[in-house]
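[1] Let's see this in three dimensions:
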Amino acid sequence: MPCERKPMRYGHSEGHTEVCFDDTGRFIVTCGNDGDVRIWESLDDDDPKFITVGEKAYSLALKNGKLVTASSNNTVQIHTFPDGDPDGILTRFTTNATHVAFNSIGSRVAAGSSDFMVKVVEVSDSSQQKTLRGHEAPVLSVTFDPKDDFLASASCDGSVVVWNIEEQTQVISLPLLQKSNDVTNAKSLCRLAWQPGMGKFLAVPVETKVHLYERGSWDHVSTLSDDLLAQPINVVSWSPCERFLAAGCVGGLLTVWDVNSKLCVERQKHEKGFTVCSLAWHPSGSHIAYTDTEGCLGLLDGLGTSTADNNTTKVAAKNPAKDYDDLFDDDDDRLMDEGLSDTKSPAKKAVGWDDDDDDFLVPATGRVKNRGAFLDDENSLDTGSLKLGQDKLGDDDNDAGSSVAPAAAPVVPLRPVYEGPVPTPPQKAFQPGSTPAHLTHRFMMWNSVGIVRGYNDEQDNAIDVEFHDTAVHHAMHLTNSLGHTVADLSQEAVLLACPSTEELASKLQCLHFSSWDTNKEWMVDLPKGEDVRALCLGQGWAAVATSTLMIRLFSIGGVQRELFSLPGPVVCMAGHGEQLLVVYHRATGFDGEQALGVQLLQLSRKRRQLISGEPLPLSQKSYLSWLGFTAQGTPCYVDSDGVVRMLNRSLGNTWTPVCNTRETCKSKSDHYWVVGVHENPQQLRCIPCKGSRYPPTLPRPAVAILPFKLPLCQTTTEKGQMEEQFWRSVLFHDHYSFLSSSGYEIDEDAQNQSQKEQQELLMKMFALSCKLEREFRCVELAEMMTQNVVTLAIRYASRSRRMALAQRLSEIALEKSNQMQEEEQEEQEEEPEYSSTRRSSGYGHTDVTAGGRYSRRQNQQEEQEDEEERGEELMKEEDRQEMEPEEATDTKKRVNPFAKEAGSPIKPSPTPIGKMGRANPFKVPGSGKMSASSGQPRVTNILDNMTSSKKSAQLSSSGGKPSKSPILKPLAPKPKTKTQSTLLQMAATKTANKKVQENTEQAANLQKQPDTPPPGPPADNSENKRPKTGFQLWLEENRKSILADNPDLEETDVIKEAMGRFRTLSAEERLSWTDRAKGQSGDAADLKKRKRAEGGEGLESENEKAEADESSAKKKKSLDPSSKLSVFAFNQN
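    Numbers count the residues shown, from 1 in each chain. Predicted coordinates:
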């Protein structure tokens, strides 16, 4: 279909312009931004008649001598044609109408408006109106079904809706389009078109293709596309013969398809590449008039030859030969199916089958028709529609037969037909935190430092810089005489850049407001032919990516530094501290995917590349929409699907999705525009945008805060929630190790808190797995715990009567203990002066498990213990002997993940210990087994007590002086004194009942053996300074009877047997033993107190003991309930 493109001519002022023919085809009628409707007798008409309809005319429709226009005064008017006399107002809207259309007979007009409504009005009586409500954004276009039953409309909310006009209801809503907040921001006008005549198909322009939907079933039956179409289709229009469909694109390409064969039969390019915004076929089908967004009118002539043939075909189609053709077609189809089944069966065909448009493949034999049949087959039409397709293809045969005999030689394509995946247009370079450059008022940068706004309207071209914290700098107003389009802002400077023009080079301008000298501004011209594409600021440096695939580094004062080449065109850049993050196109993407690469460089004294050109993972068919760093310096980015990903340094620099902003959007057209990410506290700072991807500058947008959530499985369950919290905590606190290894100061309190939180979560998951009887899972969790927490887990397991699990856990604890000792030795050998840095470096780089991360803090605690040992050397001989086992097991005391690190070593002075004398919930109680007072275990206690006083944990665990027993008595006054006395036993000089103490030690050590894990000797040792429990007293009295019954028992077996028997006692009996034990500890406490106070006069000790007995007896009752709250007590009932 060779045709001629006539030269364009000026019609209206710049802006949206529409065109149509009158019913006879004698006049071309246009309307435009100047508010005029012009009536042209031909393209060469130098004096067209005009009718002024308002300030602006947005749309027009013409039928039966009635001209309907949508004008800027929010009305739809009617004029006579061609006279142009006003004929009244058809309808009004609250804002301007965007598109008007007549039905096939000219009795009704449909109008869509920016106030989301569609109205259908009778021309003869404008009071008869139907309003169609349901769109959630401005309406882009409307079109009537030729039979007048339905109306189709497209809207900025992304939907194409088919309405039943009489019932005023939606028949179907198809979410096909990209959403926008206004017609002016829409990527495409999406002018729908219903096939004339029977109205078989509704044509919908979707991106770069045209989808055809079947009337009635509303199924998507086929797609028209062309390899050369790279930009969205704006408008489509059917030829009067119903066979051809013309489309006009944003990039100025005009395409005509033969709908039967789905082939592109004509392509023409707009002479200046302007957007085509309206198309109209001449009633004869011989030429097409079109207008662009610059107000110009054009014509494609000479389309008539094929359409005329087509008309004769229409007549010929009614003869009986058509049936013969149909029979022939069916056979042909079958033959083709058989012949091509191996290579071109639908299962093996490439997705891009529809895309093989070809100018030169004029239908000559049935071959092309069969391609059409294949397509029908692939798109799963029902048999009826297949038959119809074949009828039309029969026409093709007839058509071709008029010029070429059907039996001619097989068609040889003039060029090979490509059927593979289609390349994706690469996304343009952008500045993260900026809104599109074509806006007159826009954000040039919004980041955690401040906001840079650009204004470019009739009045002025200016840039405003505003700081979130005015202490950094006051707000600035800059005149933008150079036309800067790109900006970045940091605590030190504002960096601006403008593109080159024919006369001027591309310039880089820096306002270094933090400079201490008076010259706070510098400017650099880039070499000729090189344009700034992206830029960013770091600490003391600036980087610029240019159109020559190069990155240039500058110091903040303007000194040129290194430059290097990129492997592909830059997409965007971000800087933070010493880190530079660059994303670029590493290759061409296909089928809607972008192929991006990422480089991360560290620009410290020792330059290094941390990530060198790895592919950047994006969601399917999405593009990059934001790139930056968290406030703590971890790279992260957001794609157009709203998925936020963050760099996981501890997993080999992989990218982990940490949030999906789409999950919190109420409607499909809403988006979140990210402005900042914080790891501590965990916050995603972004601006909610209704019906748009970016916010307007006015009114000032409000920032919302979204939480993070890792997309783990089954996060509605308790297990899933704890797993998600644990791994999120690990990921979001990984920056501590990076910062400390880079030599930065870090907040050790926050780091310790995060480690404590992780261990608590592990312990909770361990308890849950125990409940669910998943012992193997318990062991896996224990592998990730620190040695101290494994000890807690062992206690938990043994209290839950899971001895096999406790045994395995004790092996793990031993391993961890050995591992820590080895690490410590290595550290001491390798880097003796490095202890302070190591301490601050937080937890290990890649190891979440094995407690390795806590070994960094041992050096500090070693110093602390040295002091303690010096103090303890002043004590009596018996106490000094007790120090030996303590030193042997100091690793266990050192590593307490729950205790805050002590700033200064703790001296063993009595007062502070007395004050914080409550039992430590994280220490392994020396009394070991189920003592009388421990009651029976209650699962929750473990977790309730995880958060108990940090200080008590610090004193008892770090200092190696455990408190009396696992019994928690938070409200009773007595335990304070008791605990004090037990802690001070180490320092006691004269002990009245030294003999008793020795027995206690012996019994406690024996009892500890079967139950305590191998790495827990300090617990044995702590027994030496601890009062007896009820069980120990009972064992002393009953040991002989047990040995008499079982003379050949080992010591450990004796204790096991004793525990079994002790459990069989009634609760009252066990309580009485516990009370006796308490009585003794109370005696000892009061006794020692008085000894300190009175110089240790042994003569009075007996009387004091009697008094203490009495007082403890009085308080027994009140302590009973709390005495059963053993740290990890369980209820065996």
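[2] And residue 548, how close does it get to residue 483?
    According to C-beta to C-beta, to the nearest Å, residue 548 stands 21 Å off from residue 483. C-beta: built from backbone N, CA, C; applies to glycine.
[3] Then residue 529?
    Separation of residue 529 from residue 483 (C-beta to C-beta): 18 Å.
[4] give me the low-pLDDT residue ranges for the stretch 651-800 of the chain?
    Within the stretch 651-800 of the chain, no range satisfies pLDDT under 70.
[5] Show the residue spans covered by the strands in it.
    654-660, 671-678, 683-689, 704-706 (DSSP state E, counting those that start in this stretch).
[6] Buried residues in stretch 171-187, which are they?
    Residues 173-174, 176-177, 179-181, 183, 185-186 are the ones in stretch 171-187 that count as buried (16 or more other C-beta atoms under 10 Å).
[7] whoops, I mixed them up, stretch 657-674
    Quick answer for stretch 657-674 (16+ other C-beta under 10 Å): 657-661, 664-665, 669-674.
[8] May I have that stretch as CSV, with CA atoms only?
    Output in CSV follows, covering the C-alpha atoms of stretch 657-674 (Å, rounded to 0.1, in the frame of the first residue of the first chain):
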residue,chain,number,x,y,z
PRO,A,657,14.3,-7.4,49.3
VAL,A,658,13.3,-5.7,52.5
CYS,A,659,10.0,-4.0,51.7
ASN,A,660,7.3,-3.9,49.0
THR,A,661,5.6,-0.5,49.0
ARG,A,662,2.8,-1.7,46.7
GLU,A,663,1.5,-3.8,49.6
THR,A,664,0.5,-0.7,51.4
CYS,A,665,-1.0,1.1,48.4
LYS,A,666,-4.8,1.3,48.4
SER,A,667,-5.3,1.5,44.7
LYS,A,668,-3.3,0.3,41.7
SER,A,669,-2.6,3.8,40.6
ASP,A,670,-1.0,4.9,43.9
HIS,A,671,2.7,4.8,44.5
TYR,A,672,5.2,5.7,47.1
TRP,A,673,8.1,8.1,46.1
VAL,A,674,11.1,7.2,48.3
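[9] re earlier: can you flag which of the buried residues of stretch 171-187 belong to helices?
    Cross-referencing the buried residues of stretch 171-187 against helices under DSSP state H gives no overlap.
[10] if we can go back for a sec, farthest pair in the buried residues of stretch 657-674?
    Distances among these were taken as C-beta to C-beta; the most separated pair is 658 and 669, at 24.3 Å.
[11] Relative to residue 710, which of the buried residues of stretch 657-674 is nearest.
    residue 658 (6.1 Å).
[12] Please verify my assumption that the closest one contacts residue 730.
    No. Using C-beta atoms under 8 Å, residue 658 is not in contact with residue 730, being 11.9 Å away.
[13] Tell me who's in contact with residue 491.
    449, 472, 514 (C-beta atoms under 8 Å, 6 or more residues apart in numbering).
[14] What is the burial count for the second one?
    For residue 472, the count of nearby residues is 15 (other C-beta atoms under 10 Å).
[15] what's the closest non-adjacent residue to residue 110?
    residue 142 (4.3 Å; C-beta to C-beta, 6 or more residues apart in numbering).
[16] where do the helices sit along the stretch 351-500 of the chain?
    With helices called from DSSP state H, counting those that start in this stretch, the stretch 351-500 of the chain shows them at 366-378, 383-401.
[17] The stretch 151-300 of the chain: strands as residue ranges?
    Going by DSSP E, counting those that start in this stretch, the stretch 151-300 of the chain shows strands at 159-164, 169-175, 193-194, 201-206, 209-214, 220-224, 233-238, 244-249, 253-258, 263-269, 276-281, 288-292, 296-301.
[18] Now do the last one: which elements does it pack against?
    Pointing back at strand 296-301 there. strand 4-5, strand 9-10, strand 28-31, strand 288-292 (3 or more C-beta pairs under 8 Å, 6 or more residues apart in numbering; DSSP states H and E).
[19] what lines up beside the last one in the sheet?
    According to DSSP bridges, strand 288-292 has the following sheet partners: strand 276-281 (antiparallel), strand 296-301 (antiparallel).
[20] same check, this time on the third one
    Strands flanking strand 28-31 in the sheet, each with its direction: strand 18-21 (antiparallel), strand 36-40 (antiparallel) (DSSP bridges).
[21] Quick one: closest of those strands to residue 301.
    Of the strands paired with strand 28-31, nearest to residue 301 by C-beta to C-beta is strand 18-21, at 13.5 Å.
[22] pLDDT on the closest one, on average?
    For strand 18-21, mean pLDDT rounds to 92.
[23] Keeping just the C-alphas, turn it into CSV.
    Provided in CSV are the C-alpha atoms of strand 18-21 (Å, rounded to 0.1, in the frame of the first residue of the first chain):
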residue,chain,number,x,y,z
GLU,A,18,-7.9,17.2,16.8
VAL,A,19,-9.1,16.5,13.3
CYS,A,20,-12.1,14.8,11.5
PHE,A,21,-13.8,14.7,8.1
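[24] can you list the residues that contact that strand?
    27-32, 57-62, 277-283, 289-291, 297.
[25] how about 6 Å then?
    By C-beta atoms under 6 Å, 6 or more residues apart in numbering, the residues outside strand 18-21 that reach it are 29-31, 59-60, 62, 278, 280, 282, 289, 291.
[26] is it possible to export the residues you listed to JSON lines including distance to residue 638?
    JSON lines is the format used below for these (distance: C-beta to C-beta, whole Å):
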{"residue": "29", "distance to residue 638": "47"}
{"residue": "30", "distance to residue 638": "43"}
{"residue": "31", "distance to residue 638": "42"}
{"residue": "59", "distance to residue 638": "37"}
{"residue": "60", "distance to residue 638": "42"}
{"residue": "62", "distance to residue 638": "48"}
{"residue": "278", "distance to residue 638": "37"}
{"residue": "280", "distance to residue 638": "43"}
{"residue": "282", "distance to residue 638": "49"}
{"residue": "289", "distance to residue 638": "44"}
{"residue": "291", "distance to residue 638": "38"}
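[27] if we can go back for a sec, of the contacts of residue 491, just say which sits nearest to residue 816.
    Of the contacts of residue 491, the one sitting nearest to residue 816 (C-beta to C-beta) turns out to be residue 449, at 44.4 Å.
[28] Pull the contacting residues for that closest one.
    By C-beta under 6 Å, 6+ apart, the neighbours of residue 449 are 489-491.
[29] Export the residues you listed to JSON lines and append columns for pLDDT and distance to residue 167.
    JSON lines is the format used below for these (pLDDT from 0 to 100; distance: C-beta to C-beta, whole Å):
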{"residue": "489", "pLDDT": "94", "distance to residue 167": "56"}
{"residue": "490", "pLDDT": "94", "distance to residue 167": "60"}
{"residue": "491", "pLDDT": "93", "distance to residue 167": "62"}
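[30] Just the closest of those to residue 111, please.
    Nearest member of the contacts of residue 449 to residue 111, counting by C-beta to C-beta, is residue 489, at 45.7 Å.
[31] so the closest one touches residue 450, yeah?
    Yes. Taking contacts as C-beta atoms under 6 Å, residue 489 lies within contact range of residue 450: 5.3 Å.
[32] thinking again about what came up before, by pLDDT, rank the contacts of residue 491 and give me the bottom one.
    Minimum pLDDT across these falls on residue 472, with 88.
[33] Just list the residues touching it, thanks.
    residue 491.
[34] Compute the distance between it and residue 490, please.
    9 Å.
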